[in-house]
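Q: have a look; sequence and predicted model below, questions after that.
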Amino acid sequence: MKKRGIRVWGLLLAATCLLAGWPGCVTPFNPPPTNQNPQDLVVEGFINVNGPTTIKLSLTRSLQDSFGIVPVTNAQVSVEDINGTLYPLYEQGSGYYTLGTLNGTTDSLRLNIITPDGNQYQSDFQAPVPATPIDSISWNLVHGNLQIYANTHGPDGVIGYYLWQYEETWQFHTYYRAYFLYQNGQIVPLPPGTDIYTCWKTDSSSGILLGSSSGLSKNVVGQAPLVTIPDHAQQLSMLYSILVHQFSLSSQAFQFWTNLRANSQNLGTIFDPLPFTGHGNLVCVTHPEQQVIGYVSVGSEVDQRIFISNAEMPMDWNQPPGCPLVVVPGDSLSYFFGPSLDPITQDGIFNYYGSIPPCVDCTAIGTKVKPSFWP
């Protein structure tokens, strides 16, 4: 199961460290040793009433530690409905907990968490926010770059609040096609049937992507920007796909993510607006004074996937990506080939051509495993 999240742990941590007045978040700072080790719980995820629910638990870290994600394992996590029925989530490792389905319930729900130290956390009860379909995922070229958008609309007379995530996958090929490998200090022919020319690569959204029909005459959000692919980028060298996930939010959840996004964009100077608290809709029941970071919404996720091919790009899209072509003398193979260069083909009898690994071997940056959804 792919573990997907909004990936805003770093943004949440940044907001928290500014709130706490941690100078190390803005300028280098070495605090005196202390026995205090503040570790606030970070909760990421969304209670999905019509599909899988994934919750990620982690801890913030003190200044004495290097910044990074500290997953919370062996926790008891459950979704509770207004009647007290509990739906347990099952641990998947690395701080992730999942639940299969809630069968489209319309009951108000909340998240319960008991961490290994015995602390109990809860979100507030929320009614599921009705899902709004994605009308389309569109794209166009803006100043040579490929811009991808989300388009949606909801019932008239209400304001729509939306959050998007995405996974992008692309099939690509290296700039050079290799006919040799460098193994155990020797140049050997590429074995028959071995392909290091074509691979796939996947990445996911890391920012906070929001949209709203607030202030508009109709509940329509058009051309909401999701991702920009730079001119001549490898993503469009062959075939590209993006799977967009849309979440309808309450106004309170939308305000939380709006504040967090603004806060993350304004880090770095003392003249920026004061950071918001980072508090969401979770509390620590056992220690109410303890901060909990995150906002757990309730609703449905809607998805849409599109494909974009290189044939739809300008003819000059696949320009050389800065891959050097190096002539390697036959008596200097061990000096050039290895971690820094990979062989491509022979130049005459004694010499070889080589280049840096990502330009020769697609597995240096991608995988040979074809995605199940690939045409």
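A: Now that the structure is in, tell me what you want to look at. Everything numeric here is computed off the predicted structure, so don't read it as measured data.

Q: hey, let's count contacts and neighbours off CA atoms from now on
A: Noted.

Q: using CSV, write down the CA coordinates of stretch 74-88.
A: C-alpha atoms of stretch 74-88 as CSV (Å, rounded to 0.1, in the frame of the first residue of the first chain):
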residue,chain,number,x,y,z
ASN,A,74,2.9,1.2,18.6
ALA,A,75,0.1,3.8,19.1
GLN,A,76,-3.6,2.9,19.3
VAL,A,77,-5.5,4.9,16.6
SER,A,78,-9.2,4.7,15.9
VAL,A,79,-12.1,6.6,14.3
GLU,A,80,-15.1,7.1,16.6
ASP,A,81,-18.6,7.9,15.5
ILE,A,82,-21.1,10.0,17.4
ASN,A,83,-22.7,6.7,18.8
GLY,A,84,-19.4,5.6,20.4
THR,A,85,-18.6,2.9,17.8
LEU,A,86,-14.8,2.6,17.3
TYR,A,87,-13.1,1.7,14.0
PRO,A,88,-9.5,0.8,14.7
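
Q: for it, which residues meet the burial criterion?
A: The neighbour-count check on stretch 74-88 (16 or more other Cα atoms under 10 Å) flags 75, 76, 77, 78, 79, 80, 81, 86, 87, 88 as buried.

Q: try stretch 195-214
A: For stretch 195-214, by 16+ other Cα under 10 Å, it's 195-202, 204-213.

Q: among these, which are in strands?
A: 198, 199, 200, 201, 202, 204, 209, 210, 211, 212 (DSSP state E).

Q: okay if I get those residues as TSV plus distance to residue 163 and pLDDT?
A: Below are those laid out as TSV (distance: Cα to Cα, whole Å; pLDDT from 0 to 100):
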residue	distance to residue 163	pLDDT
198	34	97
199	31	98
200	27	98
201	24	98
202	21	98
204	14	95
209	6	97
210	5	98
211	7	97
212	9	97
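
Q: mind checking the pLDDT average for the longest strand belonging to the chain?
A: Across the chain, the longest stretch assigned as strand under DSSP E is strand 161-173. For strand 161-173, the mean pLDDT works out to 97.

Q: by contact count, what packs against the helix or strand just after that strand?
A: Later in the chain than strand 161-173, the nearest helix or strand by DSSP states H and E is strand 180-183. If contacts are counted by 3 or more Cα pairs under 8 Å, 6 or more residues apart in numbering; DSSP states H and E, strand 180-183 sits against strand 186-189, strand 342-347.

Q: return the most buried member of those.
A: When you average the neighbours per residue for each of the helices and strands packed on strand 180-183 (mean count of other Cα atoms under 10 Å), strand 342-347 leads with a mean of 21.

Q: can you get me the start-to-end distance on stretch 218-236?
A: For stretch 218-236, the first and last residues are 35 Å from each other (Cα to Cα, to the nearest Å).

Q: what about the closest residue to residue 282 other than its chain neighbours, how many neighbours?
A: With Cα to Cα, 6 or more residues apart in numbering as the criterion, residue 282 has its nearest non-adjacent residue at 4.1 Å, and that residue is residue 123. The number of residues packed near residue 123 is 23, by other Cα atoms under 10 Å.

Q: and residue 123, how far is that from residue 161?
A: 20 Å.

Q: again with residue 293
A: 21 Å.

Q: same question, residue 215
A: Taking Cα to Cα, one finds residue 215 at 12 Å from residue 161.

Q: quick one: which of those two has more around it?
A: residue 161 (24 against 8).

Q: surely the more buried one meets residue 256?
A: No. Look at residue 161 against residue 256 with Cα atoms under 8 Å: they stay out of range, at 11.7 Å.

Q: what's the first helix or strand after the lowest-mean-pLDDT helix or strand in the chain?
A: Using mean pLDDT, DSSP states H and E, helix 9-19 stands out as the lowest-scoring helix or strand of the chain, at a mean of 43. Sequence-wise, the next helix or strand downstream of helix 9-19 (DSSP H and E) is strand 41-48.

Q: what mean pLDDT does that next one get?
A: Computed over strand 41-48, the average pLDDT equals 96.

Q: please apply the same query to stretch 52-64.
A: 83.
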